[in-house]
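Visitor: Please find the sequence and the predicted model below.
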Amino acid sequence: MDYQQLSLPKQTPLYHAVHRDRYERQEFIKEIEQATGRRILVYLANLSHPDSAITREDIAPFYEIVSSLDENSDVDLVIESPGGDPNAAETLVHTLLSKTKHLRVVVPQAAKSAATLISLAADEIMMSNTSELGPIDPQISIPTVFGYQYRPAQAFLNGLEIIKREHANGQPLNSAYLPFLQGVDAALIDFCHKSIEHSKRLAVKWLRRSMYKNHPLKAKQIAETLINIDKYPNHGSVINYQEAQAIGLNVVYKPFTDPVWQALWRLYTQYLVMMREKAGVKIFESNVSSVMI
């Protein structure tokens, strides 16, 4: 045997052995990319971790994987996230689109809230039976008897209207409202209104960039549906591929038997196991870059 012909990793033996799982995933990513003709970027959060939300701390590691793209790339963004800061999500989208010609967001399981907003910037969204998007109504921190908790901004405003109507009808103020009202001021009410409008504006902006370039009214209609808490009273409401299509989103459904979906699902499960074993919070990965926090 000619040992000079062996294909050895460029890393030192021990370093490669320690990080072998990452190198195996990246080789698998390259195989999928060769089959699809598209670059793959992975942004996965550990949904069971309390720090899994999208924040501005995600921008630097996300830039690491985006910077590996060529200009005007066709990109598959594999995303799993419970949502988070819509302003941070907006920066992630700007960063991604700076290198992207055609964007397809792949949702193996859950892209909720601000992650749904990111998905709206895609030219198409790939979903299967396990996939779910969610409403984009903003959540705000308000005082309760149990301390500060997150509630939908619109539900907060609706609650104020109920109290106002009761008071206008001459009913005595319910003592249960007192802890709630003690933390309410005009600035908080104004913040709620502006947060709702901000989420709606981002949704319309991304839809008009992607799926509805020449249909501003349809983009606005979809945004208003996704932010409607009467239709989606629970922020964790499941919007599966069928409902997403009915809303008007450009969703490409892939059955479990589809070979592309099988490959992407296999890649996704590798991340699930790795994140649980290493107690990771988030991972950002491409075929050459990898950051786990």
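Guide: Received, thanks. Numbering: from 1, shown residues only.

Visitor: low-confidence ranges in the stretch 151-293 of the chain?
Guide: Regions of the stretch 151-293 of the chain meeting the criterion pLDDT under 70 cover residues 167, 175-176, 178-180, 183.

Visitor: So which residues of it form strands?
Guide: Using DSSP state E, counting those that start in this stretch, the strands of the stretch 151-293 of the chain run over residues 251-253, 282-285, 290-292.

Visitor: how about CSV for these, with mean neighbour count and distance to Val273 added?
Guide: C-beta here means a position set from N, CA and C on the backbone, and glycine is covered the same way. Compiled in CSV, the strands of the stretch 151-293 of the chain are given as follows (neighbours: other Cβ atoms under 10 Å; distance: least, Cβ to Cβ, whole Å):
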stretch, mean neighbour count, distance to Val273
strand 251-253, 20, 26
strand 282-285, 23, 12
strand 290-292, 17, 13
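
Visitor: Distance to Arg276 added to these, as TSV?
Guide: As requested, the strands of the stretch 151-293 of the chain are exported to TSV (distance: least, Cβ to Cβ, whole Å):
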stretch	distance to Arg276
strand 251-253	28
strand 282-285	12
strand 290-292	13
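
Visitor: Export only the CA atoms of the one helix or strand Ala60 maps to, formatted as CSV.
Guide: In this structure, Ala60 is located in helix 59-66 according to DSSP states H and E. Extracted as CSV, the C-alpha positions of helix 59-66 are listed here (Å, rounded to 0.1, in the frame of the first residue of the first chain):
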residue,chain,number,x,y,z
ILE,A,59,-25.1,38.5,15.2
ALA,A,60,-21.3,37.8,15.4
PRO,A,61,-21.5,34.0,15.1
PHE,A,62,-24.2,34.3,12.5
TYR,A,63,-21.9,36.6,10.5
GLU,A,64,-19.2,33.9,10.8
ILE,A,65,-21.2,31.4,8.8
VAL,A,66,-22.7,34.0,6.3
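
Visitor: Could you tell me the angle between the helix or strand following that helix and helix 59-66?
Guide: Tracing the chain past helix 59-66, the next element assigned as helix or strand by DSSP H and E is strand 73-80. Angular relation of strand 73-80 and helix 59-66 on a 0 to 180 degree scale: 130 degrees, by axes from the mean of the first three to the mean of the last three Cα atoms, to 10 degrees.

Visitor: now the helix or strand just after strand 73-80 against strand 73-80, angle please.
Guide: As assigned by DSSP H and E, the chain's next helix or strand after strand 73-80 is helix 86-97. Helix 86-97 and strand 73-80 are oriented at 150 degrees to each other (the same axes, to 10 degrees).

Visitor: residues contacting Ile118?
Guide: Neighbour list for Ile118: Leu77, Ile79, Ser81, Ala89, Leu92, Val93, Val105, Ala111 [criterion: Cβ atoms under 8 Å, 6 or more residues apart in numbering].

Visitor: roughly how far apart are it and Arg276?
Guide: In this view, Ile118 and Arg276 are 24 Å apart by Cβ to Cβ, to the nearest Å.

Visitor: try Phe191
Guide: Taken as Cβ to Cβ, the spacing of Phe191 relative to Arg276 amounts to 37 Å.

Visitor: Looking at the residue nearest the centre of the chain now. What's its pLDDT?
Guide: Among the residues of the chain, the smallest C-alpha distance to the mean C-alpha position (Cα atoms, centre = their mean) belongs to Ala115, namely 1.7 Å. At Ala115, the predicted lDDT confidence score is 97.
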